[in-house]
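Participant: can't give you the sequence, but here's the structure:
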């Protein structure tokens, strides 16, 4: 009798509290965990967020009902991944932007409003 109560308790514990799946997102270059990102379903339903050490908990409901989840972070490209995947760590490369050259000059006689484009500042 006592063993059957323990068995029932273990069964309830496993299915009552073990419903989350932890996934770690890591920068592919530095191998540092990525903090404070968001996870959404493909139809923009909020799922989870990344904590300060890079982990997110994905509820078993989304693993069963969603085929694709989306990773969002301002410094990284959007990434699709499957919640059914056996991977518990995903590596992501940072976004990079090409910007124009910036010239710093200490000569005060330089016209700071001069540019390659004709810009009318009075308008």
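Facilitator: Structure's in. What do you need? Computed from a predicted model, the values in this text were never measured in an experiment. Numbers count the residues shown, from 1 in each chain.
Participant: Which residue lies nearest the spatial centre of this protein?
Facilitator: residue 37 (3.6 Å; Cα atoms, centre = their mean).
Participant: got a list of what that one touches?
Facilitator: 25, 49-50, 56, 71-73, 76 (Cβ atoms under 8 Å, 6 or more residues apart in numbering). C-beta: built from backbone N, CA, C; applies to glycine.
Participant: Buried only: go through those for me.
Facilitator: By neighbour count, with 16 or more other Cβ atoms under 10 Å, these hold 25, 50, 56, 71, 73, 76 as buried.
Participant: Wait, the third one touches residue 35, no?
Facilitator: It refers to residue 56. No - taking Cβ atoms under 8 Å as the definition, residue 56 is not a contact partner of residue 35, at 10.6 Å.
Participant: for this structure, which strand is longest?
Facilitator: strand 20-27 (DSSP state E).
Participant: my hunch is that residue 64 is in a helix, does that hold up?
Facilitator: Yes - counting by DSSP: H, G, I helix; E, B strand; the rest coil, residue 64 falls inside a helix.
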